[in-house]
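1. Predicted structure and sequence below. I'll ask about it afterward.
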Amino acid sequence: MLVQASFFPEYHIRGIFYIPYMPVNYPSKIGDIDKLKEEIDSCRPFEENLLAELKKFYRIGFTYSSNALEGNSLTESETKVVIENGLTIGGKSIREHNEALGHSDAYSFLNELAKSDKIAESVITVRVR
């Protein structure tokens, strides 16, 4: 598999844009990943308040990013206000607000589901606001 090497300059040949590619050495990357995981694991267990803050941070970030990819015009700050305070933003549609709230609910649902030992297909249902 080849991966783009961003540190190489780009080339224009006969009006065509080229970026050089180089092979990735997967064994060395896996070793790097293992070292980073060990570093994170050395900090476990996380304090309860830190874990809560991380979940809150990722709930907002994932919701904003996912909805933005789908064309939602709420900013990250607006998404935070909608989710945490339940307020509406002037000039934004109800659909956009509901998308943010729905994604946030799905995030909470998946976090709860991840705590269980077994996940049955019948547990996963689609909820519409």
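-> Received it, and whenever you're ready, just let me know what you need. Numbers count the residues shown, from 1 in each chain.

2. Verify the contact between Ser104 and Gly61 for me.
-> No: checked against Cβ atoms under 8 Å, the pair Ser104 and Gly61 is beyond contact range at 11.3 Å. For the C-beta atoms, the positions are set from N, CA and C on the backbone; glycine is no exception.

3. So between those two, which is more surrounded?
-> Ser104 (19 against 13; other Cβ atoms under 10 Å).

4. The closest residue to Ile94 other than its chain neighbours and Leu113, how far apart?
-> Leaving aside its sequence neighbours, Ile94 sits nearest to Thr88 (Cβ to Cβ, 6 or more residues apart in numbering; 7.8 Å). Going from Thr88 to Leu113 by Cβ to Cβ, to the nearest Å gives 29 Å.

5. Which one's more surrounded, the two?
-> Between Thr88 and Leu113, Thr88 has the larger neighbour count (other Cβ under 10 Å), namely 14 against 11.

6. quick one: low-confidence parts of this protein?
-> 1-27, 121-129 (pLDDT under 70).

7. quick one, domains of it?
-> 2-41, 48-123 (automatic domain parsing).

8. Need the winner for burial among those domains.
-> domain 48-123 (a mean of 14; mean count of other Cβ atoms under 10 Å).

9. tell me which element Asn49 falls in.
-> helix 48-69 (DSSP states H and E).

10. Can you show me the strands along the protein?
-> With DSSP state E as the criterion, the chain has strands at 2-4, 11-13, 16-18, 21-23.
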